[in-house]
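Peer 1: Can you look at this prediction? I've put the sequence above it.
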Amino acid sequence: MIEMIKVSKIYPPDVTALSDVSVTIGRGEMFFVIGMSGAGKTTLLKLLCSMETPTNGLIEVAGKPIHKMKGSALARLRQKIGVAYQDFKLLDDRTTAENIAISMEVSYKKPDIIRKRVIDLLEQLNLSDKHDTITGELSRGEQQRVALARAVANSPTLILVDEPTGNLDAITTERVMKLLNKCNTSGATVIIATHDGSIYRNTPHRVMELSRGRMHAMHGGESV
Ligand SMILES: Nc1ncnc2c1ncn2[C@@H]1O[C@H](COP(=O)(O)OP(=O)(O)OP(=O)(O)O)[C@@H](O)[C@H]1O
């Protein structure tokens, strides 16, 4: 699903966020990216959805060189990618349900299917009572879950999540991970950038550790 070859990212004028990172992530894999603050985790996710372009190196997503794509071809590829950003990027003046519905509306899903999917996701994330709440009025932990629901709503083949549990208690963290695991067992490739040891310790999945923009280690889960 993903091939990164010797990828570097330097933000102008001279901040090296990623340096020579090479990794292959298989279709249907769940994959963790860990590392200290500033290690380059968010940058890596942004490169994978073409929010940023690499300074050097090659990036393929679903067999396509996403870093070279533009226009409608890029838009089509991005429809297959669901992203939950660290800063959420919600439409603060719209309701929870409206925010979650967006990706499905863009791909012309039927209103009835959208309504049911929104209700189902809100139930899974313990947000049913926030269906009609303006997202600007939600707590950060609630906004974080709305951002996640929006990312997975349209059943994308690639899901990128940045710090999905940063503002959550242990029980809510479990709910979030249950949803992401469900997406993964349904076939989605899921990449999670996180500081939260509770979600990757003892995982059977691969864990890539970044340190100052470089790949520091690749763990097999059990050894973390
Ligand atoms: N738009 C930008 N312009 C300049 N420097 C940036 C920009 N975005 C990130 N950086 C720098 O790149 C480096 C990597 O940042 P990045 O956000 O990828 O790290 P991170 O591992 O996600 O950190 P955190 O865990 O704190 O979110 C940092 O030194 C950061 O200051």
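Peer 2: Happy to help now that I have it.

Peer 1: Show the residue spans covered by the helices in this structure.
Peer 2: Shown for the chain, the helices assigned by DSSP state H span residues 41-48, 71-78, 96-106, 111-124, 140-152, 170-185, 197-200.

Peer 1: Give me the residues contacting the fifth one.
Peer 2: What that stands for is helix 140-152. 82-85, 88-90, 96, 99-100, 102-103, 118, 121-122, 125-127, 130, 135, 138, 159-161, 164-169, 172, 176, 179-180, 183, 188 (C-beta atoms under 8 Å, 6 or more residues apart in numbering). From N, CA and C alone the C-beta is placed, and that goes for glycine too.

Peer 1: Contacts (any at all) between the ligand and that helix?
Peer 2: No: using C-beta under 6 Å from any ligand atom, helix 140-152 stays clear of the ligand, with a minimum separation of 13.7 Å.

Peer 1: Start the count at 15 instead of 1 going forward.
Peer 2: Renumbered: residue one is now 15, and that last one reads helix 154-166.

Peer 1: how far off helix 184-199 does that helix point, in degrees?
Peer 2: 10 degrees (axes from the mean of the first three to the mean of the last three C-alpha atoms, to 10 degrees).

Peer 1: List the buried residues in helix 154-166.
Peer 2: By neighbour count with 16 or more other C-beta atoms under 10 Å, helix 154-166 contains the buried residues 156-166.

Peer 1: Next: the second one.
Peer 2: Residues of helix 85-92 classed as buried by neighbour count (16+ other C-beta under 10 Å): 91-92.

Peer 1: are any of the contacts of helix 154-166 buried, and which?
Peer 2: 96-99, 102, 104, 110, 113-114, 117, 132, 135-136, 139, 141, 144, 149, 152, 173-175, 178-179, 181-182, 186, 190, 193-194, 197, 202.

Peer 1: Redo the helices of the chain as CSV? Include mean pLDDT.
Peer 2: Formatted as CSV, those follow (pLDDT from 0 to 100):
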stretch, mean pLDDT
helix 55-62, 97
helix 85-92, 93
helix 110-120, 94
helix 125-138, 97
helix 154-166, 96
helix 184-199, 96
helix 211-214, 93
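
Peer 1: want to throw those into CSV with distance to Val21?
Peer 2: Shown next, in CSV, are the helices of the chain (distance: least, C-beta to C-beta, whole Å):
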stretch, distance to Val21
helix 55-62, 7
helix 85-92, 17
helix 110-120, 26
helix 125-138, 32
helix 154-166, 23
helix 184-199, 24
helix 211-214, 22
